[in-house]
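Participant: below are the sequence and a predicted model; questions follow.
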Amino acid sequence: MRTPLIGLEPQQWLARFGDELYRYALGRVAEAGMAEELVQDTFVSALEAQASFRGQASERTWLFVILKRKIIDHYRRQARSPFVPLTLTPEQLPEAEFFRPADGHWREEEYPAPWDGVGDEGRGDVLVEQAEFQHILKSCQERLSPQHLAVFVLRFVEELPAEAICQELGLSPSNYWVIVHRAKLQLRRCLEKNWFQSPPAS
Amino acid sequence: MSIPSPLFNCQQATLLLERRADAPLPAKTNAQLWAHLRLCPYCRRYAFQSSFLARQAKAAAEAVVPADLPLPVSLRARLQQLIDTHEAGLQQE
Ligand SMILES: [Zn+2]
């Protein structure tokens, strides 16, 4: 006879937490198939690791900790491509699309334009078509390179500390900041093109 | 490690804005960045927009998933099978 483990009821997991775990995963990876895989891996690990459950956290929290670990592992695999740019000339760096290599000034055609409703002088964020904006942000994200996407999602969606991300992805702090900067430059431009310059007719 | 001055360089200034969001900058660099932002409307805009993006990212990730979306049926069946097999295995031990 096995000793019942305190607090864990695997037969209830699907009914109680299945949908919620799946939606969480789906918000953090691009494809439904990948979200399914992450949820399945979470169940496999959770079933195996039942003995390590000590009841300090709720069953729900414990399952989410496992899923978050799976999400980090997913992005670690995605971001495995090495960081290259050291051998590039200044003109070949991604930053050169935005800034003049000679003096680091914004290129005229890349000047950030004002965004309607995004508080310039202490005003709060007033966005009319929130849902539409969120869809555009998500599709802009999906155009980032795997490594940039990994850093962006782990930092701003999963809200991991920078230090943890450097450790997980094997990045030095300066490489990490370069990636955050490049990801933000690209997302900013993508949003400006697709949202702020041509808002959908209301 | 010395940090290049952001005083007259927008690329450096915007990089330091990202860096400052994670950790405090050395006092001198911070003062130079502040001076740059006073002088440069483009980097000032970038600063607002970049932190706006950071604030919106999580909400956007969660909002694109319908709040009542259930686990796909086929996955539910696979997971139930996993649980049954695992639990049956434990009973036999
Ligand atoms: Zn500037």
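Facilitator: Received it, and whenever you're ready, just let me know what you need.
Participant: tell me where chain B has helices.
Facilitator: B:10-22, B:27-39, B:41-63, B:73-92 (DSSP state H).
Participant: winner for burial among those?
Facilitator: The highest mean neighbour count among those, using mean count of other C-beta atoms under 10 Å in any protein chain shown, belongs to helix B:10-22: a mean of 22. C-betas here are computed from N, CA, C, even on glycine.
Participant: starting at the chain centroid, how far to that one?
Facilitator: Averaging C-alpha positions (C-alpha atoms, centre = their mean, to the nearest Å) puts helix B:10-22 15 Å from its chain's average.
Participant: now do that helix: everything it contacts.
Facilitator: Contact with helix B:10-22 is made by A:95, A:98-99, A:104-106, A:161-162, A:177-178, A:180-181, A:184-185, B:3-6, B:25, B:29-30, B:33, B:36-37, B:40, B:42-43, B:46-47, B:50-51, B:54, as judged by C-beta atoms under 8 Å, 6 or more residues apart in numbering or on different chains.
Participant: again, 7 Å this time
Facilitator: A:95, A:99, A:104-106, A:162, A:177, A:180-181, A:184, B:4, B:6, B:25, B:29, B:33, B:36, B:40, B:42-43, B:46-47, B:50 (C-beta atoms under 7 Å, 6 or more residues apart in numbering or on different chains).
Participant: need the helices of chain B in TSV (columns: distance to the ion).
Facilitator: Below are the helices of chain B laid out as TSV (distance: least, C-beta to the ion, whole Å):
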stretch	distance to the ion
helix B:10-22	3
helix B:27-39	6
helix B:41-63	3
helix B:73-92	49
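Participant: let's see the pLDDT reported for A:Gly122.
Facilitator: A:Gly122 carries a pLDDT value of 48.
Participant: for A:Leu21, same thing?
Facilitator: Model confidence at A:Leu21 (pLDDT) stands at 97.
Participant: next one: A:Cys140
Facilitator: 94.
Participant: could you list every residue that touches it?
Facilitator: Neighbouring residues of A:Cys140 by C-beta under 7 Å, 6+ apart: A:Leu187, A:Cys190, A:Leu191, A:Asn194.
Participant: how about A:Leu63?
Facilitator: A:Leu63 neighbours (C-beta under 7 Å, 6+ apart): A:Trp13, A:Phe17, A:Leu21, A:Thr42, A:Ala46.
Participant: which of those residues lies closest to the ion?
Facilitator: A:Leu21 (43.8 Å; C-beta to the ion).
Participant: so what's residue 85 scoring on pLDDT?
Facilitator: Going with chain A. 54.
Participant: wait, chain B was what I had in mind.
Facilitator: 92.
Participant: and it, how far from B:Leu79?
Facilitator: 11 Å (C-beta to C-beta, to the nearest Å).
Participant: same thing with A:Ala25?
Facilitator: With distances taken as C-beta to C-beta, A:Ala25 is found 13 Å from B:Leu79.
Participant: repeat that for A:Val118.
Facilitator: A:Val118 sits at a distance of 42 Å from B:Leu79 (criterion: C-beta to C-beta).
Participant: just say helix, strand or coil for the nearest residue to B:Pro70 once chain neighbours are set aside.
Facilitator: Spatial nearest neighbour of B:Pro70, excluding adjacent residues (C-beta to C-beta, 6 or more residues apart in numbering or on different chains): A:Asp19 at 5.0 Å. Put simply, A:Asp19 is helix when judged by DSSP: H, G, I helix; E, B strand; the rest coil.
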